[in-house]
Structure formats: C-alpha cells, structure tokens
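1. Sharing a sequence plus its predicted fold:
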Amino acid sequence: MNENEKWHRHLGAYGICMIEEKLLVIHKGNGPYIGRYDLPGGTVEANESLVEAVKREFIEESGININIKRNLGVCDFLIPYELPKRGTTHIHHVAVIYFVQYITGMLKKNPEKFEGQDSLGAFLVPIKEINSANSSPLVLQAKDWIGTEKFPFESQRLDDWVVLEK
C-alpha cells in the first residue's frame, strides 16, 4: 500500500440468484461500479443481520423475494475510487456472499428512488454475456463461483479499475 492512499472500507451482503440459467443482476447508478452490472445487495444497516440485509436489498433493488440457501463466503477487492467528502482515494470492498433462491416478485426495471438507492433496474443476464467491461468485480467473482464453487482466499487489488462516467 502506498502511504498516499487513504482507504474507505465498505462491508456489504450480496446474493447470487440464478433464474433459468441466467444471473440476476442490477445496473448500478453510482459508486465505483456505476454503469455496470452488480449483484443485488449492499450495506448492512444498523441493527440488521447480514441475512436481513440481503433480503431487504433484493426487494429494494430487484423487486423479488428470496430464500437464503447458504452462505458461500467472503471476497474482497481493493479499488481506486475517490470519495472527496471522506478524503479517501481507494475503497476496500468486503462482500459477504450468499446463494439465494427466487420465491416471488417481478423484476423491477425502474426501482423506487430514495437516498442510498443505487439500482437503475434488475436484469437476468446469461453467464456468457458477463465480462469485465460490463460487470463489477463482484459479478465476475460470482461468474467464477458458478463454474467452480470457490472464492479466492486473497484480496484482489484492481489498480487498473476504471470508474465509468455517469
């Protein structure tokens, strides 16, 4: 780590949901993954468990109710991303990931807008269409997990990460 780097840590809980051989993703409206696909999920609120956070985030971001099948593990990414209000230059994204099952609901193409909402809509994407140009590192990791059922032990430092423009 460079001494000029100032890190912000973000802890989130996310779900991998497969429907008809496609991965459920959201289109990000802000943050380091803006303009790309990301897994439904996000910040764990005060007095909320990880499982409760995943269920809430799925409803808010994608419009569907889920059943948590199992905890898959944790992966983390070190990404250049400036947050001037916090005086940080990088984000350490720590993601707790669950395998989830669709129960009910219709995918939201235009989710309700409120402070903290970063989903521009939910989509089902064939695995073969997921790539580094259109997806967050979390979605790429989910794609790898679908093929191997493993997450890496080491953090992934993505110094060449490019944040897309709004």
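-> Structure's in. What do you need? Numbers count the residues shown, from 1 in each chain.
2. Where does pLDDT dip in the chain?
-> 1, 110-117, 166 (pLDDT under 70).
3. can you tell me which residue is nearest the centre of it?
-> The centre of the chain sits closest to L39, judged by CA atoms, centre = their mean, with a distance of 3.8 Å.
4. Look up how far N30 lies from it.
-> L39 is 16 Å from N30, where distance means CB to CB, to the nearest Å. (C-beta placed from N, C-alpha, C; glycine too.)
5. Same question for F99.
-> For F99 relative to N30 (CB to CB), the value is 27 Å.
6. So for the two, which residue has more residues nearby?
-> F99 (17 against 14; other CB atoms under 10 Å).
7. Give me the nearest residue to the more buried one, chain neighbours excluded.
-> K69 (4.6 Å; CB to CB, 6 or more residues apart in numbering).
8. Contact partners for the one you found?
-> K69 makes contact with Y98, F99, V100, Q101 under the criterion CB atoms under 8 Å, 6 or more residues apart in numbering.
9. Bridged to the second one, which residues?
-> Okay, so that is F99. Note on F99: beta-bridge partners I16, R70, judged by DSSP bridges.
10. Is it correct that it is in contact with L24?
-> No: using CB atoms under 8 Å, F99 is not in contact with L24, being 11.8 Å away.
11. what about the helices in this protein?
-> For the chain, the helices defined by DSSP state H cover 50-62, 137-148.
12. I'd like those laid out as JSON lines, including mean neighbour count and distance to E165.
-> Converted to JSON lines, the helices of the chain look like this (neighbours: other CB atoms under 10 Å; distance: least, CB to CB, whole Å):
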{"stretch": "helix 50-62", "mean neighbour count": "21", "distance to E165": "22"}
{"stretch": "helix 137-148", "mean neighbour count": "19", "distance to E165": "19"}
